[in-house]
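Participant: Predicted model follows, preceded by the sequence.
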Amino acid sequence: MSKKLKRLLKRIVTGALIYLVAILISNIIPDLNENIELVLFLIAYFVIGGSIVKAAVKNIGHGQIFDENFLMSIATVGAFLIGEYPEAVAVMLFYQVGEWFQSYAVGKSRKSIAELMDIRPDYANVLRGGEAEEVSPEEVAIGETILIKPGERIPLDGVVIKGSSSLDTMALTGESVPRDVAEGEEVISGCVNLSGVLEVKVNKNYGESTVAKILELVENAGSKKSEAEHFITKFARYYTPVVVICAVLLAFIPPLLLGGGFTIWIYRALSFLVISCPCALVISIPLSFFGGLGGASRAGILVKGSNYLEALSDAEIVVMDKTGTLTKGTFAVTKLVPEMGVAEGALLETAAYAESYSNHPISKSLLAAYHKDVDKSLLSEVEEVAGHGVSALLNGSRVYAGNTKWMERQDIQMKEPDEAGTIIHVAREKEYLGYIVIADEIKSDAKLAIEGLKAVGMKHIVMLTGDQKKTAANVAGALGIEEVHAELLPKDKVDQVERLFQSKSEKGRLIFVGDGMNDAPVLARADIGIAMGGLGSDAAIEAADVVIMTDEPSKIVKAIQISKRTLVIVKQNIVFAIGVKILILLLAAVGIATMWAAVFADVGVAVIAILNAMRAMRVKA
Amino acid sequence: MRKTYILEELDCAHCAGEIEAAVGKLEGVKSSTVTLLTQKLVIDVEEAKAAGITKEIKKIVKKFEPDVEVIEK
């Protein structure tokens, strides 16, 4: 609690006690002198609301007649003038309680979101002249070596040159399983080193590092305002003057037309003034969005503005890139098809040996699948023909591994299989051993993601890819995606998205999801561009509107759910606050609602709306 | 040219809106956004007017919220 809040709380409590004493005394002694009673209530009033009256007087000098301090002062002074002392003090008391609560809630949300994003490194241990020196991360240059001990936060992006450890990426990704790193691997700033000492060669300065980029993104998110927020700002601009004018009319027109006393109409008009402040809305709507953004970032989803969080709930078309989004973008052996009489193990072993000297990604995936070490002394006369394959002498017999063209060139008899993916044929001398299918793997949660998207109401899910038709159809079939466009150049992807824009409804939004590597134009063209795997890819963080820090496509569903939930809370608050205010205004106008009800419509509604808004922050990671 | 200010102790939503609108009307200011929850004022201002703008902003903030401290970032 800030000093300002503590001071205000003290004043509220003291004032409330004096107020209670005043009420008790005036009840116990019914024929107490009117002036003594007034003095008691006035003391309570000034203890609680002196600052409001002071601010009101000052603001009048600036010509701000619709200022809330001024309106509250008029309402309460007016109540004193018509002899409603307890009401006058109560209005001020509850108004101050509301103000206090508002400040408290804002401070608390701000703090909890700040904690959520508590990833700013305080220092770096840089190795200079063989000694570790503690400096601010900004002072470390590219190429310097930093030392990270267990328990410390990685201050800058870089490559591990010594040591191995596991890293806690929770604050960045929402992922609770630690990530293992070893020599030669990249580490990202913002993660916490858990077990071993690491020496890291810095490859980005602090301003360009992941942690600085994320912090900048999160801090600026609030400034891109949603339509709901614009609506409320506009509403508030008209609401207060309109209610105040109504109050003035209510005080003077009916008594002049109908005759009778002014007191009762002034009382009703004063109630209007109490309800005239739009605080409940003005505070709770941005607070809801802020909470939603905070909750999303805790789940590893960075949304660049309230406007995007709002738009996500209107999404109806999702266009997804294949490689890197739905599939891992790395190659792996997915199928072994040996000829009759050949063991799967023998097929893989022959291929792995034949390819062991090659640096091609395909060779690497074969070796990864083989698991065992290759004894290179068994190999000789290795020959690689680009675009075809390899041949080598293995234990004295010649082995071949490569594509169909390679087999034809060796005059080896085989049947062309009907498979999606890259096919490696394997042969020994003139004998065909079988083939191995190497394909990009589908991510483990991709199917879940597509099902989830359908469940949250996506009307249309489209997959785009530069890959060949057969592979694309295979992936789409496995995931249950109906519309697929394959063999596209980056420019064709933009055209496809343009075409899909025509098919969406006026209010509906189009989402494009990619890995941010070469789809920046499409990310920008879509209503909402979502980049996957933000951890480690600056391009993605720059280009997209929403960045998913992990590689999981199911987080898209999570983002939409968070958006929908936030929007529900926003709508509840708008309807509830405006509804109650209008209702009490009407009831006050005809004399049914008292000033107590008006206080509820102002402060009570604000408190309830704020509490409701704070729910938006609670997101299960 | 983008400038960012911290409005320390700002906690009144209504005042945030007033400050945003008033700063937006200053000469040379192309856009002005106050974010209550991060206590930030971000403006886009013409280079030529940038020098004197901080003083103008402080004046406006003092008027609406005398307790708020304006810190240029």
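Facilitator: Looks like it came in fine.
Participant: Against A:L258, how distant is A:I592?
Facilitator: For A:I592, the distance to A:L258 equals 17 Å [CB to CB, to the nearest Å]. (Glycine included, C-beta is placed from N, CA and C.)
Participant: what about the spatially closest residue to A:E384 that is not a sequence neighbour, how many neighbours?
Facilitator: Nearest residue to A:E384, sequence neighbours excluded (CB to CB, 6 or more residues apart in numbering or on different chains): A:V390, at 4.7 Å. A:V390: 23 surrounding residues under other CB atoms under 10 Å in any protein chain shown.
Participant: Let me know whether A:V390 touches A:R398 as I believe.
Facilitator: No. A:V390 is beyond contact range of A:R398, at 11.0 Å (criterion: CB atoms under 8 Å).
Participant: Within the helices and strands, which one has the closest residue to A:I18 other than its chain neighbours?
Facilitator: Setting aside the residues directly before and after it, A:I18 is nearest to A:A44 in space (CB to CB, 6+ apart), at 4.1 Å. Using DSSP states H and E, A:A44 sits in helix A:34-61.
Participant: Could you identify the helix or strand that succeeds that helix?
Facilitator: With DSSP H and E, the next secondary element past helix A:34-61 is helix A:68-81.
Participant: List the buried residues of that following helix.
Facilitator: For helix A:68-81, burial by neighbour count (16 or more other CB atoms under 10 Å in any protein chain shown) applies to A:68-76, A:78-80.
Participant: And the strands in chain B, which stretches?
Facilitator: For chain B, the strands defined by DSSP state E occupy B:2-8, B:29-35, B:40-45, B:69-72.
Participant: Just name the most buried of those strands.
Facilitator: strand B:40-45 (a mean of 21; mean count of other CB atoms under 10 Å in any protein chain shown).
Participant: neighbouring contacts of it?
Facilitator: The contact list for strand B:40-45 (CB atoms under 8 Å, 6 or more residues apart in numbering or on different chains) reads A:219-220, A:222-223, B:1-7, B:19-20, B:23, B:28-35, B:53, B:57, B:70.
Participant: Report the residue ranges of every domain in chain A.
Facilitator: Listed domain ranges for chain A are A:3-114+A:224-288+A:566-617, A:124-155+A:157-203, A:301-326+A:443-549, A:329-440 (source: automatic domain parsing).
Participant: Please convert the ones you listed to JSON lines, extending it with mean pLDDT and distance to B:F64.
Facilitator: Shown next, in JSON lines, are those (pLDDT from 0 to 100; distance: least, CB to CB, whole Å):
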{"stretch": "domain A:3-114+A:224-288+A:566-617", "mean pLDDT": "87", "distance to B:F64": "8"}
{"stretch": "domain A:124-155+A:157-203", "mean pLDDT": "89", "distance to B:F64": "35"}
{"stretch": "domain A:301-326+A:443-549", "mean pLDDT": "88", "distance to B:F64": "23"}
{"stretch": "domain A:329-440", "mean pLDDT": "84", "distance to B:F64": "52"}
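Participant: can I get those domains in TSV with distance to B:L41?
Facilitator: Shown next, in TSV, are the domains of chain A (distance: least, CB to CB, whole Å):
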stretch	distance to B:L41
domain A:3-114+A:224-288+A:566-617	14
domain A:124-155+A:157-203	24
domain A:301-326+A:443-549	17
domain A:329-440	42
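Participant: Tell me the spacing between the closest residue in space to B:D11 that isn't next to it in sequence and A:V13.
Facilitator: Distance criterion CB to CB, 6+ apart; nearest residue to B:D11, sequence neighbours excluded, is A:S103 at 4.1 Å. From A:S103 over to A:V13 the distance is 16 Å, taken as CB to CB.
Participant: Which strands or helices does the helix or strand bottoming out on mean pLDDT in chain B pack on?
Facilitator: One helix or strand of chain B scores below all others by mean pLDDT, DSSP states H and E: helix B:13-24, with a mean of 83. If you count contacts as 3 or more CB pairs under 8 Å, 6 or more residues apart in numbering or on different chains; DSSP states H and E, helix B:13-24 packs onto helix A:227-258, helix A:279-298, strand B:29-35, strand B:40-45, helix B:47-64.
Participant: which one of these is the most hemmed in?
Facilitator: helix A:279-298 (a mean of 27).
Participant: Centre of the chain to that helix, how far?
Facilitator: Here the centre of helix A:279-298 is set off from its chain's centre by 12 Å, with CA atoms, centre = their mean, to the nearest Å.
Participant: could you give the angle of it to helix B:13-24?
Facilitator: Here the directions of helix A:279-298 and helix B:13-24 differ by 80 degrees (axes from the mean of the first three to the mean of the last three CA atoms, to 10 degrees).
Participant: that older thread, which one of the buried residues of helix A:68-81 is nearest chain B?
Facilitator: Nearest to chain B among the buried residues of helix A:68-81: A:E68, at 6.0 Å, using CB to the nearest CB.
Participant: ok, that closest one touching A:C279?
Facilitator: Yes. With contact defined as CB under 8 Å, A:E68 reaches A:C279; the gap is 7.2 Å.
Participant: Mutual contacts of these two, please.
Facilitator: Residues touching both A:E68 and A:C279 by CB under 8 Å, 6+ apart: B:H14.
Participant: A:F46: neighbour count?
Facilitator: Residues near A:F46, counting by other CB under 10 Å, number 18.
Participant: okay, the residue sitting furthest away from the middle of chain B: pLDDT?
Facilitator: Here chain B reaches farthest from its C-alpha mean at B:A48, the gap being 17.6 Å by CA atoms, centre = their mean. At B:A48, the model reports a pLDDT of 86.
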